[in-house]
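Undergrad: Pasting the sequence and the predicted coordinates here, then a few questions.
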Amino acid sequence: MKAIMVMYDSLNRHMLPNYGCEWTLAPNFLRLGERSVTFDTHYVGSMPCMPARRELHTGRYNVLHRAWGPWEPFDDSTFEILYRNGVYTHLVSDHYHYWEDGGGTYHHRYASWVNVRGQEGDRWKGEVRDPEIPDHHGRIVRQDWVNRKYMQSEERTPQAQTFAEGIEFIRTNADQDNWYLQIETFDPHEPFFTLQHWKEKYNHDWEGPHFDWPKYERVSEDPDAVEHLRYEYAALLTQCDHYLGEVMNLMDELALWDDTLLIVCTDHGFLLGEHDWWAKVRMPFYNEIAHIPMFVWDPRSKTAGARRTSLTQTVDLGPTLLEFFGLELPPDMQGHPLRQIVERDAPVREVALYGVFGGHVNITDGRHVYMRAPATPDNWPLHHYTLMPMHMRSPFSLEELRQMSWNEPLPFTKDCPVMRIPASVPGGWYHDLSTRLYDVKSDPGQEQAVEDEALEAEMVTKLERALKASDAPPEQFELLGLTGS
């Protein structure tokens, strides 16, 4: 048996024709929908990028115990477990956060890995002279404009190189058994950089300043600029669709559909002006961010062209891979194998818990979304529980470490005590931190919060139950204004 995961960053469900978008060009995603099971109620867990990848490895929520950070020494890793049990695992990625301080332990869990350079602000090409930067809206990063100079042909773009490396692995190993390949591209993450031939797929004219990277702020640009940025995203989405098609073509050529699990997924979505916001994280996790696409082909059932409504999350992907290869799940995993959903839409969970460290902690039962905001204005008490004190791009400061105390082992740290380090959320970073309840069946755009005390009490009970099942530290109940009883 073999497995391939094609993973994107910031792939928007609401921009795919499989989920109702009528203007983006993604024929290979439509083809994928005909060849696999489409998941209609798939949600994020911990936001954003590396917290989601910790969930992919461990099958556990990250959000309640730590912000962005590395794989921990006490963590289980799906991909290390596979390799130790005779399944060769290979990662190909241009997701440069893997090679920063706050993500530098994840890729070593695979048997082998390839690092494709150049995305976003990846410190790749060295030029002392400042690059020429045009008049622009939005965000500009110097290193990004240096990197772009070296991507002026299709084969030099990071996404093209990432898929080329993945295709090389498939061709090299197609006649072998027991392997897993993860083709993980940073696209369509911002900046929405594409070459002109992708932009020309759309009949869109823009005479304004350069704009392909919005700031994580409220929309201040005019409607024409908002429309332009959506077209820039769409062009990059169409590039993503093209390379997905190359993987599917190869599976056709080599008859890999007979014995190869295929998972196509993402970590989260991205606001393109909806709710008057750009991006993610700073605002409530509306469904444009939290409700994400996923497709699964399982060669055991061969179910294709079907849709599934059962609730699933990122934490279910690691367990799904372990079950596929016939391996037992570690007892600390919270996720569930998805085989029974693929085969007959039999639910594996009642609710999905999701959110960001120090911000909203949300719960959904598939119909209702309850966003629980911190009850204290300064987001306190809040601590990191870790043995890997790293932020995204730097170690914890000496001042932070001087405040560290040792905490007794948590239920999932395998008898290891952990550092307990006070955490702070930058002032003004999170916006709209109010508790709210939505019925996303009757109000899919989440335009009007529901006022229903009985329903909210029911959702609070579900949230408290999920927090306890996730071994949330007592302070999380205090932070969220819950009794924990």
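TA: Alright, I've got the coordinates. Remember, it's a predicted structure, so these values are computed and weren't measured experimentally.
Undergrad: distance of E168 from G484?
TA: When Cβ to Cβ, to the nearest Å is applied, the distance between E168 and G484 equals 52 Å. Backbone N, C-alpha and C define where each C-beta goes, glycine included.
Undergrad: Could you do D365 as well?
TA: As judged by Cβ to Cβ, D365 and G484 stand 21 Å apart.
Undergrad: and if you look at T58?
TA: Counting by Cβ to Cβ, the gap between T58 and G484 amounts to 24 Å.
Undergrad: More neighbours: which of those two?
TA: In terms of neighbours (other Cβ atoms under 10 Å), T58 is the more surrounded of T58 and G484; the figures are 24 against 12.
Undergrad: Three-state assignment for P331, please.
TA: Under the three-state scheme (DSSP: H, G, I helix; E, B strand; the rest coil), P331 adopts coil.
Undergrad: mind listing what C240 touches?
TA: Contacts for C240 (Cβ atoms under 8 Å, 6 or more residues apart in numbering) come out as 8, 11, 26, 159, 185, 187-188.
Undergrad: Mind putting those residues into CSV with neighbour count and distance to P17?
TA: Supplementary listing: the contacts of C240 in CSV, determined by neighbours: other Cβ atoms under 10 Å; distance: Cβ to Cβ, whole Å:
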residue, neighbour count, distance to P17
Y8, 24, 15
L11, 25, 13
A26, 22, 5
Q159, 26, 20
T185, 28, 20
D187, 24, 18
P188, 27, 15
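Undergrad: I'd like to know which of the residues you listed is nearest to L437.
TA: L11 (27.1 Å; Cβ to Cβ).
Undergrad: And that closest one, its phi and psi?
TA: The phi/psi pair for L11 (degrees, to the nearest 10) reads phi -80, psi 110.
Undergrad: what number of residues lie near the closest residue to it other than its chain neighbours?
TA: Counting by Cβ to Cβ, 6 or more residues apart in numbering, T266 is the residue found nearest to L11 once chain neighbours are left out, at 3.7 Å. Each residue near T266 was counted by other Cβ under 10 Å, and the total is 24.
Undergrad: now the one 10 residues further on
TA: By other Cβ under 10 Å, 11 other residues sit near D276.
Undergrad: OK, contacts around it?
TA: Under the criterion of Cβ under 8 Å, 6+ apart, the contact partners of D276 comprise 218-219.
Undergrad: can you list the domains in this protein?
TA: 2-349, 354-479 (automatic domain parsing).
Undergrad: so which of those is the most packed in?
TA: Mean neighbour counts were taken over the domains of the chain using mean count of other Cβ atoms under 10 Å, and the top value, a mean of 19, falls to domain 2-349.
Undergrad: So what would you say the end-to-end distance of it is?
TA: Separation of the first and last residues of domain 2-349 by Cα to Cα, to the nearest Å is 27 Å.
Undergrad: returning to that earlier point: what's across from the residue nearest to L11 in the sheet?
TA: Applying DSSP bridges to T266 gives these bridge partners: Y8.
Undergrad: hang on, isn't it packed against M7?
TA: Yes - distance between T266 and M7: 6.7 Å, which falls inside the contact criterion (Cβ atoms under 8 Å).
Undergrad: how about low-confidence regions in the stretch 151-300 of the chain?
TA: In the prediction, the stretch 151-300 of the chain carries no residues with pLDDT under 70.
Undergrad: tell me the helices in it, going along the chain?
TA: Counting by DSSP state H, counting those that start in this stretch, residue ranges of the helices within the stretch 151-300 of the chain are 158-173, 196-199, 223-253, 287-290.
Undergrad: Could I get those helices in JSON lines, plus columns for distance to R53?
TA: Shown next, in JSON lines, are these (distance: least, Cβ to Cβ, whole Å):
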{"stretch": "helix 158-173", "distance to R53": "16"}
{"stretch": "helix 196-199", "distance to R53": "27"}
{"stretch": "helix 223-253", "distance to R53": "19"}
{"stretch": "helix 287-290", "distance to R53": "17"}
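Undergrad: mind pulling up the phi and psi values for the closest residue to L321 other than its chain neighbours?
TA: What sits nearest to L321 in space, not counting adjacent residues and going by Cβ to Cβ, 6+ apart, is T78, at 5.6 Å. Comment: the main-chain dihedrals of T78 come out as phi -50, psi -40, following degrees, to the nearest 10.
Undergrad: just checking, T78 touches R53?
TA: No - here T78 lies out of contact with R53, judged by Cβ under 8 Å, at a distance of 10.9 Å.
Undergrad: mind listing what Y243 touches?
TA: 159-160, 163, 185.
Undergrad: tell me the mean pLDDT over stretch 314-327?
TA: Per-residue pLDDT values across stretch 314-327 average out to 98.
Undergrad: Would you mind giving the secondary structure of E458?
TA: Going by three-state DSSP: E458 is helix.
Undergrad: Can you name the residues that contact L229?
TA: 138, 192, 211-212, 214, 221, 272-273.
Undergrad: among the helices of the stretch 151-300 of the chain, which is nearest P299?
TA: Judged by Cβ to Cβ, the one of these that comes nearest to P299 is helix 223-253, at 10.5 Å.
Undergrad: Would you mind getting the angle between that closest one and helix 158-173?
TA: For helix 223-253 against helix 158-173, the angle by axes from the mean of the first three to the mean of the last three Cα atoms, to 10 degrees is 10 degrees.
Undergrad: from the chain's centre, how far out does helix 223-253 sit?
TA: 17 Å (Cα atoms, centre = their mean, to the nearest Å).
Undergrad: Most distant residue from the centre of the chain?
TA: Note on the chain: the largest C-alpha distance from the chain mean falls to R129, namely 35.1 Å (Cα atoms, centre = their mean).
Undergrad: So what does R117 look like in phi/psi?
TA: phi -100, psi 160.
Undergrad: Setting the sequence-adjacent residues aside, check what's closest to it.
TA: Counting by Cβ to Cβ, 6+ apart, the residue nearest R117 is W124, at 4.4 Å.
Undergrad: That neighbour: what secondary structure?
TA: coil.
Undergrad: quick one: contacts for it?
TA: By Cβ under 8 Å, 6+ apart, the residues touching W124 are 117-118, 143, 146-147, 150.
Undergrad: farthest pair in the contacts of Y243?
TA: Pairwise distances across the contacts of Y243 peak at 9.5 Å for A160 and T185 (criterion: Cβ to Cβ).
Undergrad: I'd like the contacts of C240 as CSV, with distance to M333 appended.
TA: Supplementary listing: these in CSV, determined by distance: Cβ to Cβ, whole Å:
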residue, distance to M333
Y8, 24
L11, 25
A26, 33
Q159, 31
T185, 26
D187, 29
P188, 29
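Undergrad: ok, so of those, who is nearest T435?
TA: Nearest to T435 among the contacts of C240 is L11, at 28.8 Å by Cβ to Cβ.
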